[in-house]
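Participant: Just the structure for this:
(chains A and B)
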Amino acid sequence: MYLSVLDSRQSLFCSSVSFEQIGILHKRFKQLSHNEDTLRRDDLNTIPDLSCNPIRTQIIEAFFDKRNFHQNGEGTVQEISFEEFLVVMSHFRPPALDMTEEQREIIRREKLRFLFNMHDTDNDGTITLEEYRHVVEELLSRSGALGKETAKGIADAAMLEVASISMGHMEPDEFYEGITFEHFLKILKDIEIETRMNIRFLNMDTTNLCK
Amino acid sequence: SGSFLLVYLYIFLVVFVGIGLPIEASAPAYQSHGTEGSHLTNITNTKKAFPVLAVNYEHVRKPFEIALWILLALLMKLGFHLIPRLSAVVPESCLLIVVGLLVGGLIKVIGEEPPVLDSQLFFLCLLPPIILDAGYFLPIRPFTENVGTILVFAVIGTLWNAFFMGGLLYALCQIESVGLSGVDLLACLLFGSIVSAVDPVAVLAVFEEIHINELVHILVFGESLLNDAVTVVLYNLFEEFSKVGTVTVLDVFLGVVCFFVVSLGGVLVGAIYGFLAAFTSRFTSHTRVIEPLFVFLYSYMAYLSSEMFHLSGIMALIACGVVMRPYVEANISHKSYTTIKYFLKMWSSVSETLIFIFLGVSTVAGPHAWNWTFVITTVILCLVSRVLGVIGLTFIINKFRIVKLTKKDQFIVAYGGLRGAIAFSLGYLLSNSHQMRNLFLTAIITVIFFTVFVQGMTIRPLVELLAVKKKKESKPSINEEIHTEFLDHLLTGVEGVCGHYGHYHWKEKLNRFNKTYVKRWLIAGENFKEPELIAFYRKMELKQAIMMVESGQLPSVLPSTISMQNIQPRAIPRVSKKREEEIRRILRANLQNNKQKMRSRSYSRHTLFDADEEDNVSEVRLRKTKMEMERRMSHYLTVPANRESPRPGVRRVRFESGLSV
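Facilitator: Numbers count the residues shown, from 1 in each chain, chains lettered A, B, ... in the order given. Okay, here's the model as predicted:
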């Protein structure tokens, strides 16, 4: 079972993910899906640790988003197999020490693409103002009414910043459609995403958990 | 030509002050009040003319000398930056030591006894401001992300250095030709423990000027702060043992226990005082003027309390500063915040200057016993053990790190391990019963000179040569801030999905605990509910607003800038003059409603604000401000005009003009 997964996805996994880690993830998958072969949204909804996370819905949606399966698909699915689960998790692998600059760039693009897909919910290739506002609102969703107002202001300011950095200069009657993936890359290039967006796959032991 | 004149004048002043000090020290007291009194009883004997003018030096001697020394130190500092190219090549610490040497030499030539850096003075007065400054402005995120690595370097690295050097020096002393056969193992180990610790003052002074990338900076700097516990324990341990002469296994075990007590105890003491300070600051809304004093006094008390119990004072100070900062900053006024910042930078600057000058003077003064082999071996061993230690430890650490340390990073970490005044003071504290005391002092001073001069001066060109990553010029970007927070939540969530109780899980738990329980007690008013992103956004708006107010005018709308019109498809109507005036009034009122906090991320000694604010508003910045103002104008256009009520949760702010909003 593990071998077949590895053969087809060999190119995705660098030296930082091992057989052992795949085994641990498989155990977790079985635990979440109650020993079935596919995972559903409800299975993820029941994880207690996720309940107080402000962007819970987006995270769960990301697992069922076909764009993250590296198969040029679109839209969402209702259930995923272990293979697809692994592919989504592979977005969080740390880069190896001996990578070249090009390899780092590829990984950076991959991770930022994942983030972009989380924001771009209608899959039109751009993050519109409404979508960005929604993102900020969710982030501040636990601050009550005050948060909603300020969220709008923050999202607007952020959008303006992106427009200023990417476009530089626009006529008053021109309209900035939304953040494209290239603009997204540009504004987040200083954030060193390849080192920050990682889960340590080592030392994972799911037997410590209660659920 | 003008600056050269200034330089000559300045050198003259230095010489004058330098000579003046000891002359005044030996000036006899012309008249004292005591004798005045006795004159009254013998008034029939001799009647002198009423003294219109009298000199009484003894009366003011001590404060006068202290003030004069500090003035000398500050004039030096002033002078260095006047001489055009000097400060770019030579780090300030070197220049100050040279000045100290000159002044010490001058004093000796006069025939007076030059003052030595008194250890009491050093540990109780000169060191705390520097450490508090470092601890209060410690960048928390990089520190906590790398705390494992820092601890490994601080504890294991220092232990390795101490034993390696002590052991090899003992082996050296066994060789007959060196002539030091009287030195036993414990004395050598004691010496090793003194000279092995990386010094925070020296590291700060040198790294301040090279602007290295954040990771390496926090590694070396964090190590220099946290190794204090190890140094304290080793020093006390070996001092005790060398008196007794023998070591048992029980003693070693007690030593290990002592280490944990010293370090954790120090942190605990600091944290307690930190919480006290935070709690006190909750009630200071009516007595804003004394707010900074609470911060300083509680921190100093933390330091003194832990020194009293022989715990690590440095770790107490750091813990105190780190613990109290988030809560205190939410409570105190903007002016108090600025005051704290300025005073800390000022005091630590003066302290650092004085320390280096006194190091120079003490070198001239101190009793010396020179032994070529011993001293040269010490210097070489220092370097070798440091390099070996760093390489070895990095090899192990890299197995556990996501962001591995490259060879360049390792080199800078090894090369940046400077020794400084703490080593000297510890050596000076050695009682005279150690027959090797003078030799040790000489060796320590030589090591300090070598690291500060050679390593300090060459590190800057080496950083350039090796093209080591420099500190990023970070402008606060709201997109980066949003995504930093987004990433935090995302990674916590994915950890939850994996079932992995990792880094982010515990961080999230701590944050939640902080928000529900701790902030409620320590932060005044309703502010504790405010999430970070909103606080960041308000800070940014405030910064821009202040820039606009300083430039004195609302700029006119330029046609070529990007505004909300470009982003929102809504057609924004042309504004009438009257409406524009009304909008300006509303804007001014609303901008003043924002909180007046301007947290800039500087922990550098030389810049207190981001360069943006101190410089004159340049054309480019003005244009950017105009852009922002226009955006805000359009933003408020979409909001009903009668928005007079202040937003909920905003504290009342009192302005200089008496206007209270």
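
Participant: going forward, measure contacts between C-alpha atoms and count neighbours the same way
Facilitator: Will do.

Participant: where's residue B:467 relative to residue B:366, distance?
Facilitator: In this view, residue B:467 and residue B:366 are 41 Å apart by CA to CA, to the nearest Å.

Participant: Which one of those two is surrounded by more residues?
Facilitator: Applying other CA atoms under 10 Å in any protein chain shown to residue B:467 and residue B:366 shows that residue B:366 carries more neighbours, namely 19 against 10.

Participant: And the pLDDT at the nearest residue to that one once chain neighbours are set aside?
Facilitator: Nearest non-adjacent residue to residue B:366, counting by CA to CA, 6 or more residues apart in numbering or on different chains: residue B:116, 6.9 Å away. Listed pLDDT for residue B:116 reads 75.

Participant: give me the number of residues near residue B:83?
Facilitator: If we define neighbours as other CA under 10 Å, then residue B:83 has 14 of them.

Participant: Residue of chain A closest to chain B, please.
Facilitator: residue A:175 (4.5 Å; CA to the nearest CA).

Participant: Assumed that residue was part of a strand.
Facilitator: No. Checked against DSSP: H, G, I helix; E, B strand; the rest coil, residue A:175 lies outside a strand; its state is coil.

Participant: Could you report the neighbour count for residue B:93?
Facilitator: The burial count for residue B:93: 23, using other CA under 10 Å.

Participant: Got the confidence number for residue 10?
Facilitator: The chain I'm using is chain A. We have a pLDDT of 42 for residue A:10.

Participant: my bad, chain B
Facilitator: pLDDT, residue B:10: 61.

Participant: which ones are touching residue A:39?
Facilitator: A:29, A:32-33, A:79-82 (CA atoms under 8 Å, 6 or more residues apart in numbering or on different chains).

Participant: any idea which of those residues has the most stuff around it?
Facilitator: Neighbour counts for the contacts of residue A:39 (other CA under 10 Å) peak at residue A:29, which has 24 neighbours.

Participant: Now for the residue nearest to residue B:366, how many residues are close by?
Facilitator: Other residues close to residue B:116 by other CA under 10 Å number 17.

Participant: The one 10 residues further on too?
Facilitator: Applying the criterion other CA under 10 Å, we find 20 residues in the vicinity of residue B:126.

Participant: Can you tell me how far it is from residue B:353?
Facilitator: For residue B:126 relative to residue B:353 (CA to CA), the value is 10 Å.

Participant: Just say helix, strand or coil for the residue nearest to residue B:366.
Facilitator: On the basis of three-state DSSP, residue B:116 is classed as coil.

Participant: ditto for the one 5 residues further on
Facilitator: Per three-state DSSP, the local secondary structure of residue B:121 is helix.

Participant: Tell me, what's the model's pLDDT at it?
Facilitator: With respect to pLDDT, residue B:121 scores 85.

Participant: Neighbours of it, how many?
Facilitator: Neighbours around residue B:121, by other CA under 10 Å: 11.

Participant: Using CSV, write down the CA coordinates of the longest helix along chain A.
Facilitator: Counting residues, the longest helix found in chain A (DSSP state H) is helix A:144-167. What follows is helix A:144-167, C-alpha atoms only, in CSV (Å, rounded to 0.1, in the frame of the first residue of the first chain):
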residue,chain,number,x,y,z
GLY,A,144,-17.1,41.0,17.4
ALA,A,145,-18.6,43.9,15.6
LEU,A,146,-15.5,46.0,16.0
GLY,A,147,-13.6,43.4,14.0
LYS,A,148,-15.9,43.5,11.1
GLU,A,149,-15.5,47.2,10.5
THR,A,150,-11.8,47.3,10.9
ALA,A,151,-11.4,44.1,8.8
LYS,A,152,-12.8,46.0,5.9
GLY,A,153,-10.4,48.8,6.4
ILE,A,154,-7.5,46.5,6.8
ALA,A,155,-8.4,44.5,3.7
ASP,A,156,-8.7,47.7,1.7
ALA,A,157,-5.4,49.0,2.9
ALA,A,158,-3.8,45.7,2.0
MET,A,159,-5.3,45.6,-1.4
LEU,A,160,-4.1,49.2,-2.0
GLU,A,161,-0.6,48.1,-1.0
VAL,A,162,-0.6,45.2,-3.4
ALA,A,163,-1.9,47.5,-6.2
SER,A,164,0.8,50.1,-5.4
ILE,A,165,3.6,47.5,-5.4
SER,A,166,2.5,45.6,-8.5
MET,A,167,1.1,48.3,-10.7
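
Participant: anything in it near chain B?
Facilitator: Yes. Contact of helix A:144-167 with chain B (CA under 8 Å from any CA of the partner chain) involves A:146-147, A:150, A:154, A:156-164.

Participant: Those residues into TSV, with extra columns for distance to residue B:92?
Facilitator: Formatted as TSV, the residues of helix A:144-167 next to chain B follow (distance: CA to CA, whole Å):
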residue	distance to residue B:92
A:146	50
A:147	48
A:150	46
A:154	43
A:156	46
A:157	42
A:158	42
A:159	44
A:160	43
A:161	40
A:162	41
A:163	44
A:164	41
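
Participant: List only those of those residues flagged as buried.
Facilitator: A:146-147, A:150, A:154, A:156-164 (16 or more other CA atoms under 10 Å in any protein chain shown).

Participant: Kindly tell me how buried residue B:248 is, as a neighbour count.
Facilitator: 9.

Participant: for the one 10 residues further on, same thing?
Facilitator: Residues contacting residue B:258 under the criterion other CA under 10 Å number 20.

Participant: Against residue B:310, how distant is it?
Facilitator: Relative to residue B:310, residue B:258 is positioned 10 Å away (CA to CA).

Participant: One more: residue B:195?
Facilitator: Taking CA to CA, one finds residue B:195 at 20 Å from residue B:310.

Participant: Please say which of the two ends up with more neighbours.
Facilitator: Neighbour count, other CA under 10 Å: between residue B:195 and residue B:310, residue B:195 has more, with 32 against 17.

Participant: Tally up the residues packed near the closest residue to the more buried one other than its chain neighbours, please.
Facilitator: Nearest residue to residue B:195, sequence neighbours excluded (CA to CA, 6+ apart): residue B:423, at 5.7 Å. Residue B:423 has 24 neighbours, counted by other CA under 10 Å.

Participant: how about residue B:423, secondary structure?
Facilitator: Quick answer, by three-state DSSP: residue B:423 is helix.

Participant: In contact with residue B:227, which residues are there?
Facilitator: B:154-155, B:158, B:197-198.

Participant: Show me these that map onto helices.
Facilitator: Going by DSSP H, the helices hold residue B:158 from the contacts of residue B:227.

Participant: In the contacts of residue B:227, find the pair that's most separated.
Facilitator: B:155 and B:198 (11.2 Å; CA to CA).

Participant: So those two - more neighbours on which side?
Facilitator: Legend: neighbour count by other CA under 10 Å for residue B:155 and residue B:198, higher for residue B:198 (29 against 19).
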